[in-house]
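Student: Got a predicted structure plus its sequence, pasted below:
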Amino acid sequence: MIGNGHDAADAIRLLATGIYIPEGRMTSADIARASGIPQEIVETKLGIKQKPVPGPEDHPCEMGVRAARQALARAAIDPGEIDLVIYIGEEHKEYPVWTAALKLQDDLGAVNAWGFDLSSRCCTALMAVKTAKAMMQGDARISTVLLAGGYRNGDLIDLSDPDTRFMANLGAGGGAMILRRGASAAYPEVLETAVITDGSFAEDVIIAAGGTKRPLTAELIAQGEPRFRVPDPGRMKSRLDAVSMARFTEVVERSVRGSGWRPDEIDFIGLLHMKRSAHEAVLQSLGIPARRSVYLDEFGHIGQFDPMICIELGVKQGLIRPGSLVVLAAAGIGYAWGALTLKWGDSV
């Protein structure tokens, strides 16, 4: 350890997290039937035993509201104490061209806050923490920030399309985090967030219909659009395979070293859901044993909320303890890689 934490009043700490998981489930057998992929491959290679699917009222902003209420209850604070609301859910939500943060603010009764939406696919939550921390450090009027939202991009996956079956893990759920400047040392300190983006992948995975380039028509809707599409899967795979592992390793090392620690001092790492072999390869590249992580095969990939689920499981399983050095790492199409380091507080 080099030491880069702060116990001073300007330290930014994580007061609480919250998650919301819909009751519905899609099992590995269901995915196998819909995709034509053998169930054994779904479970062993894709790493999915089951994933949550949304019910009729499980809309992205609404799921964020539910997760935020849990976080507020855990933090034991009043919504009126929130200074800023950042919606970190997906753009696929209740309405298009809609600022969901304002709905969050109203539904929760955050009457003293203002808000905006932030989006970077599955890296959104980590980028939002970086953004919120910088804003809190730069504006004395912002001391408590709520990050919340929901995800159901599984709606946009065509399981019969072999080019997008790598996204068969997309599930549904919501998550929330509450950050505060000057909270006691009992709470985890938010240290360095590192981000790498590579715009050369920007159009490799897209919703091909419904934007200004290709407006939706009755004919396109009849054909099953809008859905995620991969225009050139071979090119994307070869290029991504060449850089992804190195980017994961680099972004984690940047975050940890920028926080004053070394990768071999990581006590727990929470990774987004990915195929099992990739998960194991990331751990191996960082020299982290599997026992210091969790694998989300009962959840699949709930986008930017995987980090919050990892925290939940890490605490529940006793992998995150007082004083633990915790790293959360994610990646999002576009392509972005992010990592956040937290130094756990005196209590869990």
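Tutor: Done, it's in.
Student: Can you list the low-confidence ranges for the stretch 201-348 of the chain?
Tutor: Scanning the stretch 201-348 of the chain for pLDDT under 70 picks out 348.
Student: any idea how far the spatially most central residue of the chain is from residue 124?
Tutor: The residue lying closest to the centre of the chain (Cα atoms, centre = their mean) is residue 304, at 1.8 Å. Remark: distance between residue 304 and residue 124 (Cβ to Cβ, to the nearest Å) = 4 Å. For every residue, glycine as well, the C-beta is placed using N, CA and C.
Student: re earlier: next, the residue nearest to the centre of the chain: secondary structure please.
Tutor: Assigned with DSSP: H, G, I helix; E, B strand; the rest coil, residue 304 falls in the helix class.
Student: I figured it was touching residue 121, is that so?
Tutor: Yes - under the criterion of Cβ atoms under 8 Å, residue 304 makes contact with residue 121 at 7.3 Å.
Student: Can you pull the residues that touch both of these two?
Tutor: Residues touching both residue 304 and residue 121 (Cβ atoms under 8 Å, 6 or more residues apart in numbering): residue 332.
Student: circling back: any common contacting residues for residue 304 and residue 124?
Tutor: With Cβ under 8 Å, 6+ apart as the test, residue 304 and residue 124 both reach 88, 89, 149, 332.
Student: how many other residues sit next to residue 323?
Tutor: Close neighbours of residue 323, defined as other Cβ atoms under 10 Å, add up to 11.
Student: can you pull out the strands in this protein?
Tutor: Ranges of strands within the chain are 12-20, 24-27, 50-53, 84-87, 114-117, 144-151, 173-181, 189-197, 206-207, 228-229, 268-271, 325-332, 336-343, based on DSSP state E.
Student: Can you dump the C-alpha atoms of the first one in PDB for me?
Tutor: Looking back up the chat, that one is strand 12-20. Only the C-alpha atoms of strand 12-20 are listed here, as PDB (Å, rounded to 0.1, in the frame of the first residue of the first chain):
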ATOM      1  CA  ILE A  12     -16.500  10.700  -0.600                       C
ATOM      2  CA  ARG A  13     -18.100   7.600   0.800                       C
ATOM      3  CA  LEU A  14     -20.600   5.000  -0.200                       C
ATOM      4  CA  LEU A  15     -23.500   5.200   2.200                       C
ATOM      5  CA  ALA A  16     -25.600   2.400   0.800                       C
ATOM      6  CA  THR A  17     -26.500   0.400  -2.300                       C
ATOM      7  CA  GLY A  18     -29.900  -1.000  -3.300                       C
ATOM      8  CA  ILE A  19     -31.000  -3.600  -5.900                       C
ATOM      9  CA  TYR A  20     -34.300  -4.600  -7.300                       C
END
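Student: Could you tell me the average pLDDT over that strand, please?
Tutor: Averaged over strand 12-20, pLDDT sits at 98.
Student: and the angle for that strand with strand 144-151?
Tutor: 30 degrees (axes from the mean of the first three to the mean of the last three Cα atoms, to 10 degrees).
Student: Now tabulate the shared contacts of residue 304 and residue 124 in a markdown table and tack on neighbour count and distance to residue 203.
Tutor: Listed next are these as a markdown table, based on neighbours: other Cβ atoms under 10 Å; distance: Cβ to Cβ, whole Å:
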| residue | neighbour count | distance to residue 203 |
| --- | --- | --- |
| 88 | 35 | 23 |
| 89 | 33 | 23 |
| 149 | 32 | 24 |
| 332 | 22 | 14 |
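Student: got CSV for those, with distance to residue 17 too?
Tutor: Formatted as CSV, the shared contacts of residue 304 and residue 124 follow (distance: Cβ to Cβ, whole Å):
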residue, distance to residue 17
88, 12
89, 15
149, 13
332, 19
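Student: Residue 160: which of the residues you listed is nearest?
Tutor: Among the shared contacts of residue 304 and residue 124, residue 332 lies closest to residue 160 (Cβ to Cβ), at 24.3 Å.
Student: so what's that closest one closest to, chain neighbours aside?
Tutor: Excluding the flanking residues, the one nearest residue 332 by Cβ to Cβ, 6 or more residues apart in numbering is residue 121, at 3.1 Å.
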